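Q: Got a sequence here, can you build the structure:
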Amino acid sequence: MPRPLRAVTALSLLTVLGLAGGPPAVADDDPSAPPGTVTTSPPPSVDPTSPGLKLADGATLAPAKVLDIKSVVEDLGGEERREDTNENVTFALQAEVLFPKDSPKLNPEARSRIDAIADEIKKQNATNVRVFGFTDNLGSYAHGLVLSKQRAEAVHDQLASRLGGTVTFEVRGYSEDYPIADNSTEEGRRKNRRVEVSFPRGESSGDSSSDSAGTAGG
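A: The predicted structure is shown next:
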């Protein structure tokens, strides 16, 4: 079982205000897009009677609607990270936790961490799982594409060995694209070298612990 996570680093509510009778918001759910990593703060409260609020004649503000709730839990070393939203669970593992430097071969100790993610996938009854690899910006972009894909495939292979043929996987490598931290520092680059595993939440399941990520450019 993975180490208990010790620090809750973010909890954000994404809300929207709309005009009554206006067109509904449409979410982009492209399955090839990496899991969301940007958190936003709730919008400021709006006074519907404010003279600065320009509404069409006869229009009124619709009630605020919560689109998503994101909870991020990260261990104090930043090696593991878990994000929960209303719809998805995402685990991210730093590359150094999973692989030797510049290698796609799993460390022996990495398997137990991946197996714990497989247990959570079973718990959520997920049948579609995304495994995405990322690197930092060191080295060439082309090398990062190959390495990030190979590392994602290695994690996929371990997950598939535990989950059998009941799960469909999407496996991709993104090189240095979609960083979650500043590549100008080693601390940031370490976070960007990661593998992320995401899957839909089950309708009736509890939370568990795990998190942060690893795929590396080196």
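Q: which parts of stretch 154-172 are buried?
A: A154, V155, H156, Q158, L159, A160, R162, L163, V167, F169, V171, R172 (16 or more other C-beta atoms under 10 Å). All C-beta spots, glycine's among them, are computed from the backbone N, C-alpha and C.
Q: helices or strands next to the longest helix anywhere in the chain in the packing?
A: Across the chain, the longest stretch assigned as helix under DSSP state H is helix 141-163. Packed against helix 141-163 by the contact rule (3 or more C-beta pairs under 8 Å, 6 or more residues apart in numbering; DSSP states H and E) you find helix 95-98, helix 110-123, strand 128-134, strand 168-173, strand 194-200.
Q: Just the closest of the buried residues of stretch 154-172 to D115, please.
A: The nearest member of the buried residues of stretch 154-172 to D115, counting by C-beta to C-beta, is R162 at 5.7 Å.
Q: my guess is the closest one meets A118, correct?
A: Yes - proximity of R162 to A118 meets the contact threshold set by C-beta atoms under 8 Å, at 3.9 Å.
Q: Quick check: phi and psi at N86.
A: Its backbone dihedrals place N86 at phi -60, psi -30, with angles given as degrees, to the nearest 10.
Q: Pull up the gap between it and K70, please.
A: Computed with C-beta to C-beta, to the nearest Å, the distance linking N86 and K70 is 9 Å.
Q: More neighbours: those two, which one.
A: Higher neighbour count among N86 and K70: K70, with 20 against 11, using other C-beta atoms under 10 Å.
Q: Could you check how far the more buried one is from P200?
A: Counting by C-beta to C-beta - K70 and P200 are separated by 15 Å.
Q: E186 too?
A: If you measure E186 against P200 using C-beta to C-beta, the figure is 34 Å.
Q: Without its sequence neighbours, what residue ends up closest to P104?
A: The spatial neighbour of P104 that comes closest, neighbours along the chain excluded (C-beta to C-beta, 6 or more residues apart in numbering), is Q150 at 3.5 Å.
Q: check contacts around that neighbour.
A: When contacts are counted by C-beta atoms under 8 Å, 6 or more residues apart in numbering, Q150 touches P104, G133, G173.
Q: Tell me the one of the residues you listed nearest R81?
A: If you rank the contacts of Q150 by distance to R81 using C-beta to C-beta, G133 comes first, at 15.1 Å.
Q: wouldn't that closest one be in contact with V195 here?
A: Yes - using C-beta under 8 Å, G133 is in contact with V195, at 5.1 Å.
Q: higher neighbour count, the two?
A: G133 (33 against 30).
Q: Could you list the low-pLDDT ranges of the chain?
A: Counting by pLDDT under 70, the low-confidence segments of the chain come to 1-48, 50-55, 61, 63-69, 76, 203-218.
Q: can you rerun that using 50?
A: Along the chain, segments meeting pLDDT under 50 span 1-2, 4-31, 36-41, 204-218.
Q: dump the residue contacts of the closest residue to E176 other than its chain neighbours.
A: Nearest in space to E176, with sequence neighbours left out and distances taken as C-beta to C-beta, 6+ apart, is N137 at 4.3 Å. With contacts defined as C-beta under 8 Å, 6+ apart, the neighbours of N137 are G144, E176, P179, N183, R189, N192, G217.
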